[in-house]
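Colleague: Following is a predicted model, sequence given first.
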Amino acid sequence: GGEGLGLGLAVTQSIIVGIGGSIEATSQPGVGTTFRISLPTQDRSLTSKTLMATDDQLSRGRIAVIDQERGIFQTFKRALGSTHEIECYDRSAQAVDRFLLNPPDIIFCDVSMPGLSAMAVYELLGKASPDLQKRLIVMTDGEGAAASDSMIAALSVPVLEKPFTQQQLRDLISARIGRQ
C-alpha cells in the first residue's frame, strides 16, 4: 500500500455529520485505531432531496467573505475550508475589484462595513452583472438593526444573522451552490 491524500476520513466525516451522525476515533500505539460511527435511526421523512443536499456540500465552490471581524473568517474556514475555497476580505472596495475580474460563487458581506457599505457593494455588483448581484448574502449582527433592516428589505437579499452555527452556514452554502 502507498500513501493516500488523507481525504477519505474528511469526506467520510462530512457525509456522516451531514446526515446527523458522528464519528470518533481512539488509537493505541502498536495496537491500532478504532473508529466508532453513530448514525441516526431511519427517518421516514428523509428524502433523496435531503441526501442530495449533503452531496452538494461536497461540491467545491468559491466563497468570498467581506467582514471586519477576523474571527468570522476563521469560522468560515473551519466550517467550509475542507470542501470550498474561502476568500477573505476586510475591505469592500478591494473585494469588489476582484469579484469583477474573477467572480466567486457566493459573496457574504457584513452589513456594517465601513467605506463601501453592503448597499454599495450590492449596487456595484448589479452594475457589473445582475447574476453577480444575486450571489450576495448580507450578514448582520443586530447592531444598528433599524437602519440595516430597511436597507436589507430594500435589497431583498438573503440574510445570515450573527451569531450563526457552522451547520447553518453549511446548509445555506449547500442550498446556494446547488442552485447554480
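Modeller: Looks like it came in fine. Residues are numbered from 1 along each chain as shown.

Colleague: What is the least confident helix or strand in the protein?
Modeller: Using mean pLDDT, DSSP states H and E, helix 48-57 stands out as the lowest-scoring helix or strand of the chain, at a mean of 41.

Colleague: and the lengthiest helix in the chain, what other elements does it pack with?
Modeller: Criterion DSSP state H: the longest helix present in the chain is helix 166-179. In terms of contacts (3 or more Cβ pairs under 8 Å, 6 or more residues apart in numbering; DSSP states H and E), helix 166-179 is packed against helix 48-57, helix 70-80, strand 106-110, strand 159-161. Yep, even glycine has a C-beta here, placed from its N, CA and C like the rest.

Colleague: what comes up buried for it?
Modeller: Applying a neighbour-count criterion of 16 or more other Cβ atoms under 10 Å, one finds L169, R170, L172, I173, S174, R176, I177 buried in helix 166-179.

Colleague: For the residue of the chain positioned farthest from its centre, which three-state class applies?
Modeller: The outermost residue of the chain, judged against the average C-alpha position, is G30 (39.4 Å), by Cα atoms, centre = their mean. Following DSSP: H, G, I helix; E, B strand; the rest coil, the label given to G30 is coil.

Colleague: could you measure it against R36, distance?
Modeller: Noted for G30: a distance of 20 Å to R36, by Cβ to Cβ, to the nearest Å.

Colleague: Same check on A25?
Modeller: The spacing between A25 and R36, counted by Cβ to Cβ, is 8 Å.
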